[in-house]
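**Student:** Okay, predicted coordinates and the sequence, questions at the end:
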Amino acid sequence: MITRKDVEYVAELARLEFSEEDKENFTKTLNDILKYAEKLNEVDTEEVPPTAHILSVKNVFREDRVRPSMDRDKILQNAPDSDKGCFRVPRVIE
């Protein structure tokens, strides 16, 4: 069971400020969620296989094919700056 003190503790950890009314609402709501989860434990799932997804999903991506890539020199023509066949960008770490 979640107490008001639990809600205040987690709010302090998260650096959140709640009104007294919000604390009461969170306490009630969290306890309602726990009660619902306990109800789910009553359901017989003995014959239900574990699933990762509710629908049977198969890979919908296209097959990988080896294809020639674009010419490096042609790509680097649009680069503001390049060095040794690579894009050169400003340093972002000091």
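**Tutor:** Cool, got the structure.
**Student:** all contacts plus neighbour counts: C-alpha atoms, from now on.
**Tutor:** OK.
**Student:** which residues in this structure form strands?
**Tutor:** Assigned by DSSP state E, the strands in the chain fall at 82-83, 86-87.
**Student:** Deepest-packed of those strands, please.
**Tutor:** strand 86-87 (a mean of 13; mean count of other CA atoms under 10 Å).
**Student:** mind checking the longest helix of this protein?
**Tutor:** For the chain, the helix with the greatest residue count under DSSP state H is helix 20-40.
**Student:** And the pLDDT for the residue of the chain positioned farthest from its centre?
**Tutor:** Distance from the centre of the chain peaks at D73, with 38.8 Å (CA atoms, centre = their mean). Note on D73: pLDDT of 90.
**Student:** For it, give me its contacts.
**Tutor:** By CA atoms under 8 Å, 6 or more residues apart in numbering, the contact set of D73 is G85.
**Student:** neighbours around K23, how many?
**Tutor:** 19 (other CA atoms under 10 Å).
**Student:** mind listing what it touches?
**Tutor:** When contacts are counted by CA under 8 Å, 6+ apart, K23 touches R4, V7, E8.
**Student:** Ok, I2 next?
**Tutor:** Listed by CA under 8 Å, 6+ apart, the contact set of I2 reads T27, L30, N31.
**Student:** Which one of the residues you listed sits in the busiest neighbourhood?
**Tutor:** Counting neighbours by other CA under 10 Å, T27 comes out on top of these with 19 neighbours.
**Student:** still on that earlier bit, go through the contacts of I2 and say which is closest to E38.
**Tutor:** Using CA to CA, N31 is the member of the contacts of I2 that lies nearest E38, at 10.5 Å.
**Student:** Now do the closest one against V7, distance only.
**Tutor:** Relative to V7, N31 is positioned 11 Å away (CA to CA, to the nearest Å).
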